[in-house]
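[1] coords below, sequence missing:
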């Protein structure tokens, strides 16, 4: 083999065979030592047809209990929840699993974990998922993927580098309706799409009381005792410290700025995912909003967020409008007089040659407007792979390296765009010019301070 020197240097002597051998042994020894100290750096596990993943859950009550139902074919080895009363039912269902309150201790102490389900409140998603990614563990994380725009970008990058199977918990990406939306649009059913409207009634139910969770309120001033079964400091995680109050936990956290992102973060991820997927949307170029009164501590009761996207290849520029809290877009002229828009969830694609209405959450039931056109439309042949199931996709990806419909490469940019809408809401609807390449808002300096926040010590990404 001929060895070439860099221009302007002296020819280098060929390495000796003995030196090559010593370097190989040094490298091999270092690699072996690293795999002992950091077991996730060892050789990938080879999976047989009947092998089961060793799964751990971070957040075992509430949504975590539902997620564990979806992956219970696997070996549940460890459960973590800061509120053991809330997680009691899950603990009872998996009595063999080790129990923890702090996921950092669980991941340090429990060896042999292959994959992790993250189902905590939103503000802990990023630090928990990142801890698993650093250990090269496969990650399923509930939606929205993160609580801040910065976290979404960071997890996208980390997942790409870790080369593990990832999935965000927006189950609608496995729906048949999502395949039909893409196949019909590709067939030219309504022509090029230039405008989309999407909505959810959250936090209300059909625009009426009671609320799913509180929004548009001030922080409580009383300081009741922390329940014995709750580790309040661990529940807060990276969020700024505040006294415990039942106004936050369990589940009531979603409307508080420090913990969640309201209806947009909750259902926007579901109902905007089919739009981003079908139209191949990248980052928005601008975002602005309007809303009911904005409170310092909580998300407003209802908002409308407007996104603008540049042209992408053969796709024209798109204006995307989001509505929540019971607000709806203007009634489409093509909608039959005896039918109303679904007040809970929906999507309306507006094309140059027609409109497609998607009823239900997450892209469930698409149809063309009006119904007479929907009946006359000759459906194209099914050309896209169908899902074997949302959770099954992730389990197979962990074992075989197959793709998932909402991996972090898709979920991260989607979450980033969605949460930019909440930044505009917090700034009372300010129009934000977004420079995605340089990760900054170019026209509103105050907006950049809302892309992330300073974590409490010990909770860094």
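    It's in. It should be emphasised that the depicted structure is a prediction, and the values quoted were computed from it without experimental measurement. Numbers count the residues shown, from 1 in each chain.

[2] Every contact and neighbour count from this point should use C-alpha atoms.
    Will do.

[3] so where do the helices sit in the stretch 251-400 of the chain?
    Ranges of helices within the stretch 251-400 of the chain are 262-263, 269-279, 371-376, 390-400, based on DSSP state H, counting those that start in this stretch.

[4] which stretches of the chain have low pLDDT?
    Applying pLDDT under 70 to the chain flags the ranges 1-50, 207-210.

[5] Just give me the residue closest to the centre of it.
    Note on the chain: the residue nearest the mean C-alpha position is residue 145, at 2.6 Å, using Cα atoms, centre = their mean.

[6] sorry, back to before: select, out of the helices of the stretch 251-400 of the chain, the one closest to residue 457.
    Judged by Cα to Cα, the one of the helices of the stretch 251-400 of the chain that comes nearest to residue 457 is helix 262-263, at 26.3 Å.

[7] domain parsing for the chain?
    The record's domain parsing of the chain by automatic domain parsing lists 54-172, 173-385+408-448.

[8] can I get those domains in TSV with distance to residue 455?
    Below are the domains of the chain laid out as TSV (distance: least, Cα to Cα, whole Å):
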stretch	distance to residue 455
domain 54-172	10
domain 173-385+408-448	5
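
[9] Packed most tightly, which of those domains would that be?
    With neighbours taken as mean count of other Cα atoms under 10 Å, the domains of the chain reach their highest mean count in domain 54-172, at a mean of 21.

[10] First-to-last residue distance for that one?
    Taking Cα to Cα, to the nearest Å as the measure, domain 54-172 stretches 26 Å from start to finish.

[11] Same check on stretch 239-251?
    End-to-end distance of stretch 239-251 (Cα to Cα): 16 Å.

[12] Same check on stretch 297-313?
    Using Cα to Cα, the end-to-end distance of stretch 297-313 comes to 41 Å.

[13] Now do that stretch: distance to the chain's middle.
    17 Å (Cα atoms, centre = their mean, to the nearest Å).

[14] what phi and what psi does the backbone show at residue 326?
    When read as degrees, to the nearest 10, the backbone of residue 326 gives phi 100, psi 0.

[15] ok so, going back, for residue 396, find the nearest of the domains of the chain.
    Closest among the domains of the chain, using Cα to Cα: domain 54-172, at 9.0 Å.

[16] OK, contacts around residue 107?
    131, 132 (Cα atoms under 8 Å, 6 or more residues apart in numbering).

[17] Where does it sit: helix, strand or coil?
    Using DSSP: H, G, I helix; E, B strand; the rest coil, the structure places residue 107 in helix.

[18] Could you check how far it is from residue 430?
    Noted for residue 107: a distance of 41 Å to residue 430, by Cα to Cα.

[19] Likewise for residue 211?
    Separation of residue 211 from residue 430 (Cα to Cα): 27 Å.

[20] Just the element for residue 160, please.
    For residue 160, the enclosing helix or strand under DSSP states H and E is helix 149-162.

[21] Counting by contacts, list what that helix packs against.
    Under the contact criterion of 3 or more Cα pairs under 8 Å, 6 or more residues apart in numbering; DSSP states H and E, helix 149-162 touches helix 122-134, helix 408-426.

[22] just to revisit the earlier point, the residue nearest to the centre of the chain against residue 410, yeah?
    No: under the criterion of Cα atoms under 8 Å, residue 145 is not in contact with residue 410, lying 10.4 Å apart.

[23] quick one: stretch 406-425 to chain centroid distance?
    8 Å.

[24] next one: stretch 101-121
    Taking Cα atoms, centre = their mean, the mean C-alpha location of stretch 101-121 is offset from the chain mean by 18 Å.

[25] re the thing from before, of all the helices and strands packed on helix 149-162, which one is nearest residue 184?
    Among those, helix 408-426 comes nearest to residue 184, with 21.3 Å by Cα to Cα.

[26] could you give the angle of that closest one to helix 149-162?
    Here helix 408-426 runs at an angle of 170 degrees relative to helix 149-162 (axes from the mean of the first three to the mean of the last three Cα atoms, to 10 degrees).

[27] From the chain's centroid, how far away is the host helix or strand of residue 91?
    Assessed by DSSP H and E, residue 91 sits inside helix 88-93. Mean C-alpha position of helix 88-93 versus that of the full chain (Cα atoms, centre = their mean) differs by 26 Å.

[28] what does stretch 290-298 give?
    So, by Cα atoms, centre = their mean, the centroid of stretch 290-298 is 24 Å from its chain's centroid.

[29] How about residue 64, nearest residue that isn't a chain neighbour?
    Spatial nearest neighbour of residue 64, excluding adjacent residues (Cα to Cα, 6 or more residues apart in numbering): residue 119 at 4.9 Å.

[30] Residue 68 is in contact with the one you found, correct?
    No: using Cα under 8 Å, residue 119 makes no contact with residue 68, being 9.7 Å away.

[31] Can you pull the residues that touch both of those two?
    Counting by Cα under 8 Å, 6+ apart, the residues touching both residue 119 and residue 68 are 57, 60.

[32] Quick check: the residue nearest to residue 64 vs residue 185, distance?
    For residue 119, the distance to residue 185 equals 34 Å [Cα to Cα].

[33] And the strands in the stretch 151-300 of the chain?
    Listed in chain order, the strands of the stretch 151-300 of the chain (DSSP state E, counting those that start in this stretch) span 166-168, 193-200, 286-291.
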